[in-house]
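Novice: here is my input, please return the structure:
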Amino acid sequence: MDRRRFLTFAALLPVAAAAKMEFSDPKPSFDNPRKWVVPVKTDDLHIVNHIIGGINNVLNEYPPESLQVAMVFYSRGMRVLRKDYDPKTLKRLRSLMDGYDVEVVGCVNTMKTMGWKKKDFIDGIVYRQAGIAEVLERSVAGWIVFAPY
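Specialist: Numbering: from 1, shown residues only. Down below sits the predicted model:
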């Protein structure tokens, strides 16, 4: 290895070591997972994909089965869950659902207001009467409420 490559490699070592995630006590584990609820109230494609990417990044930092994630869609966010939404975004969302067991919750009140039926939406959604009330109740139950955008 030449001197310049060695110096570049040596300079990057502290960055790589500093990048390791430090978990707060109590450490997340299978028996004591972190619980994160992500409210989604927009159908803006850029924002929704940023949220999905943020969730994916966080999931990759935690040991398997030490983080539970629920995405709660309401208001304009319910549009994201429709079968006719952006196919690439729906594929990314399905990847979170299938690969990481991310729970997807949809708002029945929004569906009623918009005249939408369950058949209009992707499979695997858990429905609640009021999405925003679901976020509130999960917060009371100790879930961390945070949208990564």
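
Novice: can you tell me the centre-most residue of this structure?
Specialist: Among the residues of the chain, residue 55 comes closest to the average C-alpha position under CA atoms, centre = their mean, at 3.7 Å.

Novice: pLDDT weak spots in this structure?
Specialist: Applying pLDDT under 70 to the chain picks out residues 1-19.

Novice: 50 instead, please
Specialist: 7, 9, 15-16 (pLDDT under 50).

Novice: quick one on the thing from earlier: next one: the residue nearest to the centre of the chain from residue 137, what distance?
Specialist: Noted for residue 55: a distance of 20 Å to residue 137, by CB to CB, to the nearest Å. Just so you know, the C-beta spots here come from the backbone N, C-alpha and C atoms, and that holds for glycine as well.

Novice: show me where the chain has helices.
Specialist: Shown for the chain, the helices assigned by DSSP state H span residues 3-18, 45-61, 87-100, 108-114, 131-140.

Novice: so how far is the second one off the chain centroid?
Specialist: It stands for helix 45-61. What separates the centre of helix 45-61 from the centre of its chain is 6 Å, taken as CA atoms, centre = their mean, to the nearest Å.

Novice: swap in stretch 114-128?
Specialist: Here stretch 114-128 shows a centroid-to-chain-centroid distance of 19 Å under the convention CA atoms, centre = their mean.

Novice: can you list contacts of that stretch?
Specialist: Counting by CB atoms under 8 Å, 6 or more residues apart in numbering, the neighbours of stretch 114-128 from elsewhere in the structure are 72, 78, 81-84, 90, 93-94, 97, 103-108, 110-111, 134.

Novice: write the ChimeraX selection for whichever of those residues are buried.
Specialist: Selecting only the buried entries of the contacts of stretch 114-128 in ChimeraX, with 16 or more other CB atoms under 10 Å as the criterion:
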select :72,78,81,82,90,93,97,103,104,105,106,107,108,110,111,134
